[in-house]
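[1] with the sequence up front, the predicted model follows.
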Number of protein chains: 2
Amino acid sequence: MTVSSRGLDITTFLTEKAQSDSSEDFIIIRDPDIEEAAKLINHNRHRRVIIIYGKLKALYEGRAKASLDLAPRILILKPDGTLLIHESTKREPVIWQPPRAVNYACVEDGILTIKSTRTNPHETVKIEIPLPYFLGIFNVGMTENYKVMGTEKEIVDLLTRKIELVEKGLKVIAREYQTIAGSIDILAEDCNGNIVVIEVKRGMAGPEAVHQLKRYVEVLERTSQRPVRGILVAEDVSSSAYKYLREYGFKFVRITRRLLEDLQRQL
Amino acid sequence: MTVSSRGLDITTFLTEKAQSDSSEDFIIIRDPDIEEAAKLINHNRHRRVIIIYGKLKALYEGRAKASLDLAPRILILKPDGTLLIHESTKREPVIWQPPRAVNYACVEDGILTIKSTRTNPHETVKIEIPLPYFLGIFNVGMTENYKVMGTEKEIVDLLTRKIELVEKGLKVIAREYQTIAGSIDILAEDCNGNIVVIEVKRGMAGPEAVHQLKRYVEVLERTSQRPVRGILVAEDVSSSAYKYLREYGFKFVRITRRLLEDLQRQL
DNA sequence: AACTGTATGTCGATC
DNA sequence: GATCGACGTACAGTT
């Protein structure tokens, strides 16, 4: 690899599939020419995913503030404005910008520079890449209607349709019942005519879950003449959450993932 | 690009800098040979960051469950076990595995396959890449002692050293005072000898912040003979948080980022 | 290892 | 656009 070849080995690949499809073509450049890189980035920033590998410095200022000294890292720019700087560890980027940021490349003092700005809150990221080793530009898809199964919403759905799993004799009054204190997962009535507030948590319930339940119960106690009970439904409760449950006299109903999967198969 | 060249155009680049340093060498391969790719991935998975661009399917099973149909995406594997699948939008990966997952590549039915497993909780990701267009293997750094400035901890530090900003005449009793209900940011005493619980939030404080404060105050009221007051310190409060503040009779002290920056310069 | 609280949380839904 | 709660939250610090 000689300096003279810089910026010359730009290649666009159309694979067999892509020739008919043309959606998977991509550009990869090693040791890109600075000006060329800036131009390609600006040309593709709204259309494709851009990946840069190189030694870079970065500065973030906004809700908080952070800076990175010169080191080799991975920079990713997405068409929606997302900016990610990744290091060799962690699921989280060290520095980032969420969607709707405006990113553009320029050359400052002969250094490839990426500037990113977003508003509300106002936050900026400035990245200097004195040594860009690799530039990749890729067509990437986006899954519409992407669904994660086994979320709290799903559990609430299932339990609403088989409320006897929570307690025998319960009758559902409402789902996602809106109150001043927030939205109650399931509002029900027990066989003695008591109002029952049911708060559902997907995994391990912590103290906040119990306090949330407490707030809902308090709100309903003010507006309802009938006694109000609280039930927490979760896979498990932390010890301190359990303490609060007993203190407030709420009931805990354990559900297992297994049970829910069976239930889902039935319904 | 012909099929015959598949797997042959592997290149390792040592830039001028890197020749002495040897830390920034990297490998990029277009239309990698499946077997070769699997071998390279397994060889580098504990040492370098691996990026694959290609049409891929994925399946996640663990705390929840999700699947992705065949489409072009970016797959990243980090030496710490992190796995990320990114699409063209969002800051978040669509599917991922946090650090400490065990990832390896294999060829199943002629298809490049990545399998990832982690324990506690047990979660698996299986990725099939029938069309790998690009494989990149990069040496990436990791910033030691990375510091974000302007976090809550910092604000608590500053306020502890200049508690009169919260209220005149306050005397700090303890910082991070551990109670059964959690840790109180700052515990103080006012000029009338009342106990004061101070909860600090970095940005906008929501209802949870006020309820947290309430819990701390309640705990101290049980154990202390003296009256207990609550003060919420934040840049702002949401409307419902403010409602609760008034309901519980807590005080709100607004702090601005500007004020904190000035304060930091002073101290 | 379990538990607690913060986060530049991000994201989606609801108002 | 503001607000609120869930998240496969991740992550760090403490017991």
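    The structure has been received and is ready for your questions.
[2] A:I137 reaches A:P32, doesn't it?
    No - with contact defined as Cβ atoms under 8 Å, A:I137 does not count as touching A:P32 (10.4 Å). Heads up, the C-betas are built off the backbone N, CA and C, glycines and all.
[3] do a quick rundown of the helices in chain A.
    A:16-21, A:34-44, A:152-161, A:207-223, A:239-248, A:257-266 (DSSP state H).
[4] ranking those helices by burial, who's on top?
    Of all the helices of chain A, helix A:207-223 has the most neighbours on average by mean count of other Cβ atoms under 10 Å in any protein chain shown, namely a mean of 19.
[5] thinking again about what came up before, give the residues shared as contacts by A:I137 and A:P32.
    With contacts defined as Cβ atoms under 8 Å, 6 or more residues apart in numbering or on different chains, the residues adjacent to both A:I137 and A:P32 are A:L40.
[6] the closest residue to DNA strand D within the stretch 101-250 of chain A: how many residues sit nearby?
    Residue nearest to DNA strand D within the stretch 101-250 of chain A (Cβ to the nearest atom of the strand): A:G182, separated by 2.7 Å. Residues contacting A:G182 under the criterion other Cβ atoms under 10 Å in any protein chain shown number 14.
[7] lowest average pLDDT across the helices of chain A?
    Of all the helices of chain A, the minimum mean pLDDT falls on helix A:16-21 (a mean of 42).
[8] residue nearest the centroid of chain A?
    Central residue of chain A (Cα atoms, centre = their mean): A:P98, 10.2 Å from the mean position.
[9] which ones are touching the closest residue to A:V237 other than its chain neighbours?
    Distances taken as Cβ to Cβ, 6 or more residues apart in numbering or on different chains place A:A205 nearest to A:V237, at 4.7 Å, with adjacent residues excluded. For A:A205, the residues meeting the contact criterion (Cβ under 8 Å, 6+ apart) are A:L232, A:A234, A:D236, A:V237, A:S238, A:A241.
[10] can you list the residues of the stretch 1-150 of chain A near DNA strand D?
    Contact residues, the stretch 1-150 of chain A versus DNA strand D (Cβ under 7 Å from any atom of the strand): A:K90, A:R91, A:E92, A:N120, A:V148, A:G150.
[11] now do the buried residues in stretch A:108-127.
    Of the residues in stretch A:108-127, those scored as buried under the neighbour-count criterion (16 or more other Cβ atoms under 10 Å in any protein chain shown) are A:I111, A:L112, A:T113, A:I114, A:K115, A:S116, A:T117, A:R118, A:E123, A:V125, A:K126, A:I127.
[12] mind checking how far that stretch is from the chain centre?
    With Cα atoms, centre = their mean, to the nearest Å as the basis, stretch A:108-127 stands 23 Å off its chain's centre.
[13] kindly report the same for stretch A:89-102.
    On the basis of Cα atoms, centre = their mean, stretch A:89-102 sits 11 Å off its chain's mean C-alpha point.
[14] endpoints of it, how far apart?
    27 Å (Cα to Cα, to the nearest Å).
[15] sorry, back to before: are any of the contacts of A:A205 buried, and which?
    Judged by neighbour count, with buriedness set by 16+ other Cβ under 10 Å, the buried members of those are A:L232, A:A234, A:V237, A:A241.
[16] any idea how far A:D69 lies from A:T124?
    Applying Cβ to Cβ, to the nearest Å, one obtains 18 Å for the distance of A:D69 from A:T124.
[17] verify the stated contact: A:I27 with A:I51.
    No - A:I27 is beyond contact range of A:I51, at 10.5 Å (criterion: Cβ under 8 Å).
[18] find residues that contact each of the two.
    Taking Cβ under 8 Å, 6+ apart as the contact rule, the neighbours common to A:I27 and A:I51 are A:L135, A:G136, A:I137.
[19] so the second one bridges to which residues?
    A:G136 has the following beta-bridge partners by DSSP bridges: A:I28, A:I51.
[20] what about it, distance to A:L75?
    Taking Cβ to Cβ as the criterion, A:G136 is separated from A:L75 by 11 Å.
[21] what's the answer for the first one, then?
    With the distance defined as Cβ to Cβ, A:L135 ends up 10 Å from A:L75.
[22] which one of the two has more residues nearby?
    When A:L135 and A:L75 are compared on other Cβ under 10 Å, the one with more neighbours turns out to be A:L135, at 25 against 22.
[23] quick check, the more buried one in contact with A:I52.
    Yes - in this structure, A:L135 sits in contact with A:I52. The criterion is Cβ under 8 Å, and the distance is 5.5 Å.
[24] contacts only, for A:I195.
    A:I195 sits next to A:I173, A:L187, A:A188, A:E189, A:L220, A:S224, A:R226, A:P227, A:V228, A:R229 when contact means Cβ under 8 Å, 6+ apart.
[25] highest neighbour count among the residues you listed?
    Counting by other Cβ under 10 Å, A:A188 has the largest number of neighbours within these, with 25 neighbours.
[26] OK, contacts around that one?
    A:I163, A:V166, A:L170, A:K171, A:V172, A:I173, A:I195, A:V196, A:I198.
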